[in-house]
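Novice: Have a look at this fold, sequence not included:
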């Protein structure tokens, strides 16, 4: 069973940067499509970014395009989300997900029923 665990969240001022990490079971990033989602209190779960097997194609939500970068390091079983120029509206709990049958684009339309889902890491951006 695939397992994922996020880290790297924190409190940052608007305009700042953070890098989130998602450590997964062996072979996850070579066999699965993976991605990041976020959810703020009182709001629906939102897709952020996804990446194909072995660091293939990437796909981003319009709200983060040009500011966030998703990547994987298969040798470290780790996925990253580099977040630059953070805005207060980026404040949310960020979750890592893995899906065997998804593509980066189809993953953007999913909100649940993933093969793996992490507990998340909190990102708070102050104005």
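Specialist: Structure received. None of the values given here were measured: they were computed from a predicted structure. Residues are numbered from 1 along each chain as shown.

Novice: Excluding sequence neighbours, find me the nearest residue to the most centrally placed residue in the chain.
Specialist: Centre of the chain computed as the mean C-alpha position; nearest residue by CA atoms, centre = their mean is residue 36, 2.0 Å away. Spatial nearest neighbour of residue 36, excluding adjacent residues (CB to CB, 6 or more residues apart in numbering): residue 48 at 4.2 Å. For glycine as for every other residue, the C-beta is placed from the backbone atoms N, C-alpha and C.

Novice: pretty sure the one you found is in contact with residue 67, am I right?
Specialist: No: in this structure residue 48 lies outside contact range of residue 67 using CB atoms under 8 Å: 10.6 Å.

Novice: out of these two, which sits in the busier spot?
Specialist: For residue 48 against residue 67, the residue with the higher neighbour count under other CB atoms under 10 Å is residue 48, and the figures read 23 against 15.

Novice: what lines up beside the helix or strand that one falls within in the sheet?
Specialist: When elements are defined using DSSP states H and E, residue 48 is found to belong to strand 46-51. The sheet places strand 46-51 alongside strand 33-39 (antiparallel), strand 58-60 (antiparallel), with pairing taken from DSSP bridges.

Novice: Relative to the whole chain's centre, how far out is the helix-or-strand element of the chain with minimal mean pLDDT?
Specialist: Across the helices and strands of the chain, mean pLDDT, DSSP states H and E gives its lowest value to helix 28-31, namely a mean of 91. For helix 28-31, the distance between its averaged C-alpha position and the chain's averaged C-alpha position is 15 Å (CA atoms, centre = their mean, to the nearest Å).
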